[in-house]
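Chemist: any chance you can model this:
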Amino acid sequence: MPQDQEAFARSPIEERRAQLKDSKASFAHVKGEMYEWNALLASSIEASTSELVASLATINALALRHRGRRTKLIR
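Modeler: As a prediction, the model looks like this:
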């Protein structure tokens, strides 16, 4: 009950300051969540890129090996 009376006793400026403080806290929370999400996404993209590069290197090595065997058979 005392909190309700305190809320009514606030001036419009104090009320606006309280709203601004709440908004800043909410923004900081969302910003922190987005940073975590972006960090997770970046590491996932990095891992996928590494897998892709490894796969392409393997395919390239197999293609060169096949080409070498094919050249031996033709000669």
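Chemist: how far away is residue 39 from residue 45?
Modeler: Here residue 39 is placed at a distance of 11 Å from residue 45 (CB to CB, to the nearest Å). To be clear about C-beta, it is placed using only N, CA and C from the backbone, and glycine gets the same treatment.
Chemist: also residue 26?
Modeler: If you go by CB to CB, the gap between residue 26 and residue 45 works out to 28 Å.
Chemist: now swap in residue 68 and tell me
Modeler: 35 Å.
Chemist: tell me the mean pLDDT over the host helix or strand of residue 73?
Modeler: In the assignment (DSSP states H and E), residue 73 maps to helix 12-74. Helix 12-74 carries an average pLDDT of 88.
Chemist: make residue 1 into 879 and carry on from there
Modeler: Happy to do that; since the first residue is 879 now, the last one works out to helix 890-952.
Chemist: please state the offset of it from the chain centre?
Modeler: Distance, stretch centre to chain centre, for helix 890-952: 6 Å (CA atoms, centre = their mean, to the nearest Å).
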